[in-house]
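J.: Pasting the sequence and the predicted model now:
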Amino acid sequence: MSKFADIEIDPAIIRRAARGDTRAHEIIYRAFAAPVYSLCLRFTRVPAHAEDLVQDTFIEIMRSIARFRGEAALGSWIRRIAVTKALMFLRSAWTARGQTLGDGWDDMTPGDVSRHGVSSRPDQALDLDAALANLPSMSRTVVWLHDVEGFTHKEIARLMGRTESFSKSQLSRAYQRLRPMLAAGSEAESGEGAAAGSY
């Protein structure tokens, strides 16, 4: 569940925040601002959009914290709000461009990879972040939610207003796309290591 699970907040601080204590709000903000920003940046890839989403997320947190019952960890609750805000942002962006959630998958063909920032030379390493950045936004979102944040396909489907099979197929397609990119990166790294060892 990324960094959210590692952050513990004293229940007394949460109770104070629920009563509107601004110092308690600040403590919660300082504890969770970085992971919320990181998550939002993964979805949007634009720092300004991620910053806006952090603000939207914490406005929602402070408005809703009185309803937080503690049935799950505070970090899980905050993470869910951040994911919801990021998905709402992506939906509005797709809608503004006249796209549906599934559009864009075939926009990248193997012949176009260099145009999308993926090196066509196998001797250049490609890390996971760079590989993810070259996925269509929908596929990247599903991979991140499933593999990093730990959401189930059922949860992803509910968040996106789609079916479980949609989530599964997006993940499968993303893996098919990622596999050759990551393999090329790892081959390049092992080639460099062998060359360094030959000196």
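T.: Now that the structure is in, tell me what you want to look at. Everything quoted here is computed from the prediction, not taken from an experiment. Residues are numbered from 1 along each chain as shown.

J.: which residues in the chain form helices?
T.: Applying DSSP state H to the chain gives helices spanning 11-18, 22-44, 47-64, 74-96, 128-133, 137-143, 153-160, 164-197.

J.: Hmm, T84 is touching L159, no?
T.: Yes: using Cβ atoms under 8 Å, T84 makes contact with L159 at a distance of 6.7 Å. (Each C-beta comes from the backbone N, C-alpha and C, glycine too.)

J.: Please identify which of these two sits among more neighbours.
T.: Neighbour count, other Cβ atoms under 10 Å: between T84 and L159, L159 has more, with 18 against 14.

J.: what's the closest non-adjacent residue to I9?
T.: L74 (5.3 Å; Cβ to Cβ, 6 or more residues apart in numbering).

J.: Number of residues surrounding the one you found?
T.: 22.

J.: How about R158?
T.: If you count neighbours by other Cβ under 10 Å, R158 ends up with 13.

J.: likewise T152?
T.: 12.

J.: and if you look at Q55?
T.: So Q55, with other Cβ under 10 Å, has 14 neighbours.

J.: Tell me how far H49 lies from R42.
T.: 11 Å (Cβ to Cβ, to the nearest Å).

J.: Have a look at these two and say which one is more surrounded.
T.: R42 (21 against 17).

J.: Pop the domain breakdown of this structure in here.
T.: 1-98, 102-199 (automatic domain parsing).

J.: Just send those domains back as a markdown table, with mean pLDDT too.
T.: Formatted as a markdown table, the domains of the chain follow (pLDDT from 0 to 100):
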| stretch | mean pLDDT |
| --- | --- |
| domain 1-98 | 89 |
| domain 102-199 | 66 |
